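Undergrad: what follows is a predicted structure for the sequence shown.
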Amino acid sequence: MALRLKRTHKIGIFFLAVFVISFSLLELFEERFKEERWTTNPAQRYKMVDDLIESQLLMYKSKLEVRKILGEPSSSSNAEKDIFIYSIGDLPNFFNSRKEHLLIIFVNQSVDEVTLAFE
């Protein structure tokens, strides 16, 4: 006698499979921010940048504190605009060849905004 799954069981199995696949993809392309990994593996920073932004770890920190956490920026702006720019590596993307960078914007010597920008 063949085992027949009820419709609700099929739907449950489908959603479980979607959850497992989604979680696996997130683990493959994103990871939690870790200072050591940020400084030792700049080509893989794109994996941690979302966590860094969402956690608001850098908000209201001074330039010295940001340098202590992230290291020296790839570049910084002039005195008129206080911005640190960090390279985050090349995202694995077949459709878009633009490079992204992490921008840290300072107002009154403390972090006011942390965002991504395209080159």
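TA: Received the coordinates, thanks.

Undergrad: make sure residue 117 is indeed in a helix.
TA: No. Counting by DSSP: H, G, I helix; E, B strand; the rest coil, residue 117 is not part of a helix but strand.

Undergrad: so it touches residue 101, yeah?
TA: Yes. Between residue 117 and residue 101 there is a contact at 5.5 Å, judged by CB atoms under 8 Å. Backbone N, C-alpha and C define where each C-beta goes, glycine included.

Undergrad: shared neighbours, those two?
TA: Here residue 117 and residue 101 have residue 85 as joint contacts, going by CB atoms under 8 Å, 6 or more residues apart in numbering.

Undergrad: more crowded one of those two?
TA: Taking other CB atoms under 10 Å, residue 117 and residue 101 do not tie; residue 101 has more neighbours (19 against 12).

Undergrad: from residue 108, how far out is the more buried one?
TA: 23 Å (CB to CB, to the nearest Å).

Undergrad: and for residue 83?
TA: Applying CB to CB, the value for residue 83 to residue 108 is 14 Å.

Undergrad: and those two? which has more neighbours close in?
TA: Neighbours were counted for residue 83 and for residue 108 using other CB under 10 Å; residue 83 has more, 16 against 6.

Undergrad: quick check: bridge partners of that one?
TA: With DSSP bridges as the criterion, residue 83 is bridged to residue 105.

Undergrad: now do the contacts for it.
TA: Residues near residue 83 by CB under 8 Å, 6+ apart: 76, 77, 103, 104, 105, 106.

Undergrad: this protein: strands as residue ranges?
TA: Using DSSP state E, the strands of the chain run over 75-76, 83-87, 100-107, 110-118.
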